[in-house]
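[1] fold the following.
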Amino acid sequence: YVILDSNIWISELGLNSSMGAAARYFFREQGAKVVLPEVIKLETERHLKAELTKYVSELKKNHRQLLSVFGKLKELVVPDGEAIEAKVASIFGECQIEVNEVPLTLESARSSFLKTIDKVPPSDKDQQFKDGVIWAECLRLLDTADVYLVTADKAFYKDRQYKNGLAESLAFEAKDSKH
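    Below is the predicted model of the structure:
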C-alpha cells in the first residue's frame, strides 16, 4: 500500500506534475495500491480549491495591471468558481491510477486523539489530528501488507529530521506488525 499525504497530492497537483507522472508509472509497474484516507482527501480538496482560486485571482490582478500599462490586451480567460469546484471534485478520479478510498473510522480518530493528548509523534509539537489518523490507518493496513507513507510532514520523523527516519514512538508501534 502507498499512502500519499495531502502535501504530496497538493504539491504534485493531483499527480499531474512530472514527478506525479513518474509516481503513477511506478505504482502501476509495481502493482502498488494507492490508499486515500478520507482526512487526506478532504484536506487536499480544500487546499487545492484555495490554491486554484488564488491562482485565478492573481492572474486577473496581473492582467489588469498589464492592461493599464498596454491599454489593450486580449481577453484573459480563466476558470470560474464552478470549473474549479468540478476540477477539484475530479482530481482523484482523473489521476490515471486506482485510488482506494478509506473512510474515517472512530478507531482511527480515537487513536489520533490519544496521541494529541499524550503529545507523541506525530502530534508532539502541535495538535496534528489528521496526522494521527493517517498513522492509525498505516498501522491498520500493516496487518495486510507493507505500507509506504509518502509525506513531507516532519512530524513523522525522529527529531523532525528526514535523515533520522521514522520517529521512535511510531517505529515502536509498527515493530510488531505482520508487515
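
[2] show me the helices in the chain, by range?
    Remark: helices assigned in the chain by DSSP state H are 6-11, 18-30, 38-70, 81-90, 106-118, 129-141, 168-174.

[3] so for Glu98, which of those sits nearest?
    Nearest to Glu98, of all the helices of the chain, is helix 18-30, at 8.7 Å by CB to CB. (C-beta placed from N, C-alpha, C; glycine too.)

[4] now the farthest one out in this structure, which residue is it?
    The C-alpha centroid of the chain is most remote from Gly71, which lies 42.3 Å away (CA atoms, centre = their mean).

[5] need the pLDDT of that one.
    Here, the pLDDT recorded for Gly71 equals 94.

[6] over to Lys74?
    For Lys74, the predicted pLDDT is 93.

[7] helix or strand with the lowest mean pLDDT in the protein?
    Here the helix or strand of the chain ranked lowest by mean pLDDT, DSSP states H and E is helix 106-118, holding a mean of 88.

[8] pull out the buried positions in that one.
    Going by neighbour count (16 or more other CB atoms under 10 Å), the buried part of helix 106-118 is 108, 111-112, 115-116.

[9] what is the orientation angle of it with helix 129-141?
    Interaxial angle of helix 106-118 relative to helix 129-141 (axes from the mean of the first three to the mean of the last three CA atoms, to 10 degrees): 130 degrees.

[10] can you offset everything so residue one is 37?
    Let's use 37 as the start, then, which means that last one is helix 142-154.

[11] how far does helix 142-154 sit from its chain's centre?
    Its chain's average C-alpha position is 20 Å from that of helix 142-154, according to CA atoms, centre = their mean, to the nearest Å.

[12] phi first, then psi, for the residue farthest from the centre of the chain.
    In terms of degrees, to the nearest 10, the main-chain angles of Gly107 are phi 80, psi -30.

[13] next one: the one 4 residues further on
    Here is the backbone geometry of Glu111 (degrees, to the nearest 10): phi -70, psi 140.

[14] give the burial count for it, as a bare number.
    Applying other CB atoms under 10 Å, we find 5 residues neighbouring Glu111.

[15] quick one: contacts for Ala145?
    Going by CB atoms under 8 Å, 6 or more residues apart in numbering, Ala145 touches 165, 169.

[16] that one and Arg82, how far apart?
    18 Å (CB to CB, to the nearest Å).

[17] do the same with Leu102
    Counting by CB to CB, the gap from Leu102 to Arg82 is 31 Å.
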